[in-house]
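In: Sequence first, then the predicted structure:
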Amino acid sequence: MEPGFVIHAILLGIGATLVMDLWALFLKVCFQIPSLNYVMVGRWIGHLPKGQFTHPNIGQAAPIAGEAVIGWTAHYLIGIAFAFVLLWGWGLEWTASPTLLPALIVGIVTVVAPFFILQPGMGAGVAASKTPQPNTARFRSLLAHTSYGIGLYLTGLVLSFY
């Protein structure tokens with residue numbers, strides 16, 4: 001794997017995840033819609049080495065030292081990993097002339113991870129089925145991951161100038 005590939009994936013992943021976070025901040029500030037608490041993601045990850053993969057309610061699980069750092073770091077590392085997927089699928093050439101469709105495809109497909117890994121693991125059920133309003137939670141997840149895809153595209157556009 002050439003260094004340019006890795007550097008582009010890292011920059012794309014960070015940029016796209018930042019766009020996703022800005023979208024979440026916009027929803028929180030303008031509409032009082034809370035986003036995923038990455039501290040709880042860190043708590044969930046912190047319990048994985050102990051063999052606990054699922055929780056009835058992650059908020060009631062024992063706190064883990066450094067869970068905020070763990071959660072936020074994982075959030076950005078996962079964003080970088082999915083950027084690698086974009087470049088593996090469409091090649092490094094995509095960064096020279098980015099197009100929206102591949103970025104949106106990757107962004108939308110990434111919703112599979114929270115639906116089938118994170119939400120069940122944290123006690124929310126498959127695709128948020130155990131939440132009070134599962135369809136609302138699913139729609140918000142889809143929008144969040146679509147914003148990630150848009151972030152891939154926008155970051156790709158910025159990188160294409162360099």
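Out: Here it is on my side, so go on. Numbering: from 1, shown residues only.

In: Pull up the gap between residue 130 and residue 60, please.
Out: 14 Å (C-beta to C-beta, to the nearest Å). All C-beta atoms are positioned from the backbone trio N, CA, C, and that covers glycine.

In: which of the two has more neighbours?
Out: For residue 130 versus residue 60, neighbours defined as other C-beta atoms under 10 Å are more numerous around residue 130 (16 against 8).

In: Helices of this protein, residue ranges please.
Out: Using DSSP state H, the helices found in the chain span residues 3-31, 38-47, 67-90, 100-109, 112-113, 119-122, 134-160.

In: So for the residue lying closest to residue 120 once chain neighbours are set aside, what's the pLDDT?
Out: Among residues not flanking residue 120 along the chain, residue 126 sits closest, at 5.3 Å (C-beta to C-beta, 6 or more residues apart in numbering). pLDDT for residue 126: 98.

In: Report how many residues lie close to residue 126.
Out: Neighbours of residue 126 under the rule other C-beta under 10 Å: 12.

In: is it true that it touches residue 114?
Out: No: between residue 126 and residue 114 there is no contact under C-beta atoms under 8 Å: 10.3 Å.
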